[in-house]
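In: Quick one, fold the following:
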Amino acid sequence: MGKNSFGWFVRDDLPDPHSAPELFDGVLLRRILAFVIDLIVVTILIVIASVLLGILGVLTLGIAWLGYFILVPGVWIGYYALTLGTPVRATLGMQMMDIVLTPTRATPLEGWLAILHPIVGWVSITLFTPFILLAGLFTARRQLVHDLVVGTLMVRRSPMDRFWHSEYENYEAPWVDVGR
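Out: Numbers count the residues shown, from 1 in each chain. Next comes the predicted model:
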């Protein structure tokens, strides 16, 4: 295992943009479009949850209305946990844009790591918008700041399987199994 500049272990078997450019083709634009799609989906979920909380608030004499305090972050975290935290490792927007989130370290992308990625992403977007996208222009694998911090990589999903099977005929990479 190699080390990156932050001192964290990074797997040696990660794809290289020079040897497998199809994995990184248009990833930044696809990420932006996936984010917009996810924003629309989550907005719809928040509206539905708001209506349900309103009805429950009437039925519980206002007690359920306390749920409005955690509604937006709860829906966002739940959405990412139910999409990134699965073997598919992609939100609905990511699936539509043919991208998948993969770990760069020797740890699987599950549990808290799947939830930590969007939280660190939202914090970095809040602090550095729109400059957060500029980081992707200067990193070899088009990683954003929160990808580097959490230890993830976004690649095109459809060519990913072809890459691993051509590079390692009998080797199944730990991050290839994306919900087949």
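
In: Show the contacting residues for residue 49.
Out: Taking CB atoms under 8 Å, 6 or more residues apart in numbering, we find residue 49 in contact with 71, 75. No exception for glycine: its C-beta is placed from N, CA and C like everyone else's.

In: okay, it: pLDDT?
Out: Turning to residue 49, the model gives it a pLDDT of 97.

In: what's the helix or strand for it?
Out: Using DSSP states H and E, residue 49 sits in helix 27-59.

In: do residue 148 as well
Out: helix 145-150.

In: how far does that helix sit from the chain's center?
Out: Centre-to-centre, helix 145-150 and its host chain are 11 Å apart (CA atoms, centre = their mean, to the nearest Å).

In: Residues contacting the next helix-or-strand element following that helix, please?
Out: Per DSSP H and E, the first helix or strand lying C-terminal to helix 145-150 is strand 152-156. The contact list for strand 152-156 (CB under 8 Å, 6+ apart) reads 14-15, 22-27, 30-31, 94, 98-104, 109, 113, 117, 141-143, 147.

In: Same check on stretch 117-131?
Out: By CB under 8 Å, 6+ apart, the surrounding residues in contact with stretch 117-131 are 76-77, 80, 84, 101, 109, 132, 144-147, 149-150, 152.
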